[in-house]
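1. predicted model, plus sequence, below.
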Amino acid sequence: MSLRTVASVIVLIAGLSACRGFLGGRNSSGAGPFISVPSPSTSPTGSPGASHSPGTTPTPTASGAATATPGAPGGIAVPGQISEYAIPSGSGARPLSIVSGPDGNLWFTESGTNKIGTITTAGSFTEYGLANAPTDITSGPDGALWFTQGSNSSIGRITTSGTIGTFPLTTGREPLGITTGPDGALWFTENGDAQIGRITTAGLIAEYPLPAGYSLPIGIAPGPTGDMWYCADGGTGVIDLLTTGAMTPYSVPTLGSNPQYIVTGSDGNIWFTELGGKIARVTPIGAFTEFPLASPTSEPVGITAGPDGNLWFTESNTNKVGRITPGGTITEFTVPTAASAPYAIATGADGNLWFVENATGKIGRITP
């Protein structure tokens, strides 16, 4: 599946959603979570796990599609070994983002079914219903998870026990990326009106306009020196943002390369994906290096710092997960499920990399 920009996917999802308003509570009906627990003997061809009605105790069932590339003798994990787990909501879940939560589980957004999901490192799922489609998600400084909802321009918060709250923004803001900043607040991009937003854990919101000539902000991440960095698709730039709101823009050498998501690497530099088929590195003072991937139509989107000191990223159009060393050496791994459109990627508490498969409704895990 070709994904020209993250924003275009959000527009598509918003068009498909018929939900209105925020209902609050633990899911859209005000009741408990939907749970799916895999049996210890889950096989590579297990059937998808069932969703269970709130207030019931589910019988353990295989959460399905846990497929793995053969490992080394004796069960020792080998680098690049991939396992996949089918989300109980199925291929319509359309997961977009994933993050490691304070409870040691992976939390992800289901943009197609209006849910927040969790998966343990053993493969057990829990899902919480929302009234609107969630987009990006991050672990907050208050022990909760925070997420964006572009379709109704709001910021959401969910505790690890499933209690949900929402903070509305002005209509048309369309928040997209979100992360925790060094100042203990949440910072997010407003794709709809070219601003960066900041929200405290108490819900106080401030907004800062992008520099002239830049628009469509997407990914945002803490920088190496107590600042923030974000990608601006419109204007093809990455921008250094101080927590005071002051900004310094830097133009990416390849114009029209569609910078997407961004992260600080173990080398102290800032790394980001270019939808045009490159991984790029920029120093804190704005010196760029771009690394072309094998396919110029690979469309890399998500990127994260791995536990091995390397950067790990997804290739949404060529169905691969990639690894790049701080020196620029690239290795690519093919996802077992064809045309899965791997999207966001994060490091889990178990030391593996976890990613979402947007087109097939699965969560993938790869050993570093």
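-> All right, it came through fine. Residues are numbered from 1 along each chain as shown.
2. who's in contact with stretch 189-198?
-> The contact list for stretch 189-198 (CB atoms under 8 Å, 6 or more residues apart in numbering) reads 7, 10, 150, 153, 155, 169, 172-178, 181, 185-188, 205-210, 214-220, 228, 230, 234, 241, 245, 247. C-betas here are computed from N, CA, C, even on glycine.
3. can you map out the helices along the stretch 151-300 of the chain?
-> In chain order, the stretch 151-300 of the chain shows no helices, with DSSP state H, counting those that start in this stretch as the criterion.
4. point out where the stretch 1-150 of the chain drops to low pLDDT.
-> 1-76 (pLDDT under 70).
5. ok, 90 please
-> 1-79 (pLDDT under 90).
6. go on, the stretch 151-300 of the chain?
-> For the stretch 151-300 of the chain (pLDDT under 90), the answer is none.
7. would you mind measuring from the spatially closest residue to Asp142 that is not a sequence neighbour to Asp136?
-> Counting by CB to CB, 6 or more residues apart in numbering, Asp142 lies nearest to Thr201, which is 4.5 Å off, once chain neighbours are set aside. Distance check for Thr201 against Asp136: by CB to CB, to the nearest Å, it reads 17 Å.
8. between those two, tell me which one has more neighbours.
-> Asp136 (29 against 16; other CB atoms under 10 Å).
9. returning to what we had before: are any of the contacts of stretch 189-198 buried, and which?
-> 7, 10, 150, 153, 155, 169, 173-178, 181, 185-188, 205, 207-208, 210, 214-220, 228, 230, 234, 241, 247 (16 or more other CB atoms under 10 Å).
10. quick one: which of those residues sit in strands?
-> 155, 175-178, 186-188, 205, 207-208, 215-220, 228, 230, 234, 241, 247 (DSSP state E).
11. how about the most centrally placed residue in the chain, what does it touch?
-> Central residue of the chain (CA atoms, centre = their mean): Ser97, 2.5 Å from the mean position. By CB under 8 Å, 6+ apart, the residues touching Ser97 are Phe108, Thr109, Pro134, Thr135, Asp136, Ile137, Phe147, Tyr343, Ala344, Val356.
12. what about 10 Å?
-> 6, 107-111, 134-138, 147-148, 176-178, 261, 302, 343-346, 356, 358 (CB atoms under 10 Å, 6 or more residues apart in numbering).
13. just Val321 next, same as before
-> Taking CB under 10 Å, 6+ apart, one finds 80, 82, 300, 302, 312-315, 331-335, 342, 345, 353, 355, 364, 366 in contact with Val321.
14. ok, now with 6 Å
-> With contact set as CB atoms under 6 Å, 6 or more residues apart in numbering, Val321 has these partners: Thr314, Phe333, Pro342, Ile366.
15. picking up where we left off before, parallel or antiparallel, which strands does the one helix or strand the residue nearest to the centre of the chain maps to pair with?
-> In this assignment (DSSP states H and E), Ser97 forms part of strand 95-100. Applying DSSP bridges, strand 95-100 is found paired with strand 106-110 (antiparallel).
16. so what touches the partner strand?
-> Taking CB under 6 Å, 6+ apart as the rule, strand 106-110 contacts 89, 93, 95-101, 117-119, 134, 137, 145, 348, 354, 356.
17. elements contacting the next helix or strand after it?
-> Next helix or strand after strand 106-110 toward the C-terminus (DSSP H and E): strand 115-119. For strand 115-119, the packing partners by 3 or more CB pairs under 6 Å, 6 or more residues apart in numbering; DSSP states H and E come out as strand 106-110, strand 125-129.
18. let's have the ones you listed in CSV, adding distance to Gly327 and mean neighbour count.
-> CSV is the format used below for those (distance: least, CB to CB, whole Å; neighbours: other CB atoms under 10 Å):
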stretch, distance to Gly327, mean neighbour count
strand 106-110, 29, 28
strand 125-129, 38, 25
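19. could you dump the ones you listed to TSV with distance to Ile285?
-> Putting the helices and strands packed on strand 115-119 into TSV (distance: least, CB to CB, whole Å) gives the following:
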stretch	distance to Ile285
strand 106-110	34
strand 125-129	43
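20. out of the ones you listed, which is closest to Lys320?
-> strand 106-110 (19.5 Å; CB to CB).
21. how far away from the center of its chain is that closest one?
-> Its chain's average C-alpha position is 8 Å from that of strand 106-110, according to CA atoms, centre = their mean, to the nearest Å.
22. just say helix, strand or coil for Gly92.
-> helix (DSSP: H, G, I helix; E, B strand; the rest coil).
23. what about it, how many neighbours?
-> The burial count for Gly92: 12, using other CB under 10 Å.
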